[in-house]
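Engineer: I'll drop the sequence and a predicted model, then ask my questions.
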Amino acid sequence: MQPDQLIALDRAHLIHPVSPWRTHEERGPTILSSGRGAYLTDANGNELLDAFAGLWCVNIGYGQQSVVEAAARQMSRLPYATGYFHFSCEPAIELAAKLVELAPASLRHVYFSLGGSDAVDSAVRFITCYYNATGRPAKKQFISLERGYHGSSSFGAGLTALPAFHRGFDLPRQEQHYIPSPYPYRSPVGNDGAAVIAASVAALRAKVAALGAENVAAFFCEPVQGSGGVIVPPKGWLKAMRDACRELDILFVADEVITGFGRTGPMFACEHEGVEPDLMTVAKGLTAGYAPMGAVLMSDAIYAGIADGTPRGVPVGHGMTYSAHPVSAAVALEVLRLYQEGGLLANGQAVERHFAEGLQALMAHPLVGDARHLGLLGALELVSDKASKRGFDPALGLSDRLFAAGYRNGLIYRAFGDNILGFAPALCYTAEDFELMFARLKKALDEVLEAPDVRKALA
């Protein structure tokens, strides 16, 4: 089909995730047609440097032929195998064992989902079942972070603390609660790491005390908050929160859907501080976006609590048709091989400095108030007044303008609604890719800066 035909059909029939539907009907889609390495090509033949890895997920870059071949081999041999009725298949078994080998030592069992949102939903169901099975049915309250993102399932969207995911959906639920984000740039206690950590621990303790520890099930957090604006907590924050959860007798759930698989440097962000969660959710980089798959990893204690608390012979009633799908598992195994034996994890670690230096250099730009990063995950926060950290009037539509300026200059990144630009370059990036990325990014920022209304808004 010609691009115009595809655009018309898209407008008429295809519902896009997290989009303003009527606006999309008017605007129409931007159609992507191919990808190679860190680059995409759209339907009009424009080459674009992808600085966001699709949606934080194409960690290995596009066009890795060995992954395509692994999927084709498995599809030819056994395209589907149910996990119900005690059936299994080789790639799923191998993948579960491999994840346990790579994950924090506390995590010994794996349940496969289709992606991050249903991994979070599965984790909530398992937690609920665990407490019921172990004789603590009152523990039904969940705590997460302001600006946190835990998917858009019926329950997970309430753990998510972003207004767009609540509006019109009767969320949050009465058992969902939030504590302030560990947001150094805008923290009431200032940019002092120890003070930010102490404030978070105190907020968690206060919330648990208010709800009653006997009623609180778990605390969910991202090691780095992604869709909330790439909020990078101070070093030591994750361990302090994990320790507090243990003392408070609530489960600690690390949501590594975005941060896992080399995104922050090591295989998992928990490794930065030696944190061992009770449960961990993963997706995105697990298959690098080449096939749908997510997972919940859980400790022996959670697994045994459910297994031993369920009457013998009675099934634990949670499952999905495509759980442990053999093709997705085969893809994931090859992606994991590329991270390790293929050198992509090491490459990502080697080029981190180019990413960090490029972001920090843009602190000199008149629009940039803050630059933050960990590994190959980072953001620029734009302000109208650097001294007061004042943002921009939403009426300026700055985020949309910045995204469009980036696209015109051959660069794709995330432009959040509160004037934060998010970046998640693939682990295959080279020094030359970063040089091009930051040249194009500066050009986009300069173009927006030249607009009279933006100039007028600056202090």
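Structural biologist: Looks like it came in fine.

Engineer: which residue ranges form the strands in the stretch 351-459 of the chain?
Structural biologist: Ranges of strands within the stretch 351-459 of the chain are 368-374, 377-382, 411-412, 414-415, 420-423, based on DSSP state E, counting those that start in this stretch.

Engineer: Adjacent strands (with direction) for the first one?
Structural biologist: When pairs are called by DSSP bridges, strand 368-374 turns out to pair with strand 377-382 (antiparallel).

Engineer: CA-only coordinates of the strand it pairs with in PDB, if you can.
Structural biologist: Taking Å, rounded to 0.1, in the frame of the first residue of the first chain, the C-alpha atoms of strand 377-382 are listed here in PDB:
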ATOM      1  CA  LEU A 377      19.200   6.100  30.500                       C
ATOM      2  CA  GLY A 378      18.900   9.900  30.800                       C
ATOM      3  CA  ALA A 379      17.000  13.100  30.600                       C
ATOM      4  CA  LEU A 380      17.100  16.900  30.200                       C
ATOM      5  CA  GLU A 381      14.700  19.000  32.100                       C
ATOM      6  CA  LEU A 382      13.800  22.300  30.400                       C
END
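
Engineer: For it, which outside residues touch it?
Structural biologist: 56, 185, 224, 226, 229-230, 232, 258-259, 263-264, 355-356, 359, 362, 367-373, 391-392, 398, 402, 419-424 (C-beta atoms under 8 Å, 6 or more residues apart in numbering). C-betas here are computed from N, CA, C, even on glycine.

Engineer: let's see it at 6 Å
Structural biologist: Outside of strand 377-382, the residues within contact range by C-beta atoms under 6 Å, 6 or more residues apart in numbering are 224, 230, 263-264, 359, 367-372, 419-424.

Engineer: do the same with stretch 209-222
Structural biologist: With contact meaning C-beta under 6 Å, 6+ apart, stretch 209-222 is reached by 127, 138-145, 150, 159, 208, 245, 248-253, 255.

Engineer: mind listing what residue 54 touches?
Structural biologist: residue 289.

Engineer: State the three-state secondary structure for it.
Structural biologist: Here residue 54 is helix, with the state taken from DSSP: H, G, I helix; E, B strand; the rest coil.

Engineer: sorry, back to before: distance to residue 84 added to the strands of the stretch 351-459 of the chain, as JSON lines?
Structural biologist: Listed next are the strands of the stretch 351-459 of the chain as JSON lines, based on distance: least, C-beta to C-beta, whole Å:
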{"stretch": "strand 368-374", "distance to residue 84": "40"}
{"stretch": "strand 377-382", "distance to residue 84": "37"}
{"stretch": "strand 411-412", "distance to residue 84": "40"}
{"stretch": "strand 414-415", "distance to residue 84": "38"}
{"stretch": "strand 420-423", "distance to residue 84": "39"}
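
Engineer: quick revisit: buried members of the contacts of strand 377-382 into ChimeraX, please.
Structural biologist: Typed into ChimeraX, the line below selects the buried ones among the contacts of strand 377-382, using 16 or more other C-beta atoms under 10 Å:
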select :224,230,263,264,359,367,368,369,370,371,372,419,420,421,422,423,424
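
Engineer: and the nearest residue to residue 270 once chain neighbours are set aside, how many residues sit next to it?
Structural biologist: Sequence neighbours aside, residue 104 is the residue nearest to residue 270 in space, at 5.1 Å (criterion: C-beta to C-beta, 6 or more residues apart in numbering). Counted by other C-beta atoms under 10 Å, the residues lying close to residue 104 total 19.

Engineer: Would you check how far apart residue 104 and residue 278 are?
Structural biologist: Here the criterion is C-beta to C-beta, to the nearest Å. By it, residue 104 lies 10 Å from residue 278.

Engineer: I'd like the strands of the stretch 351-459 of the chain laid out as TSV, including mean pLDDT and distance to residue 69.
Structural biologist: Shown next, in TSV, are those (pLDDT from 0 to 100; distance: least, C-beta to C-beta, whole Å):
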stretch	mean pLDDT	distance to residue 69
strand 368-374	98	33
strand 377-382	98	29
strand 411-412	98	27
strand 414-415	97	31
strand 420-423	98	30
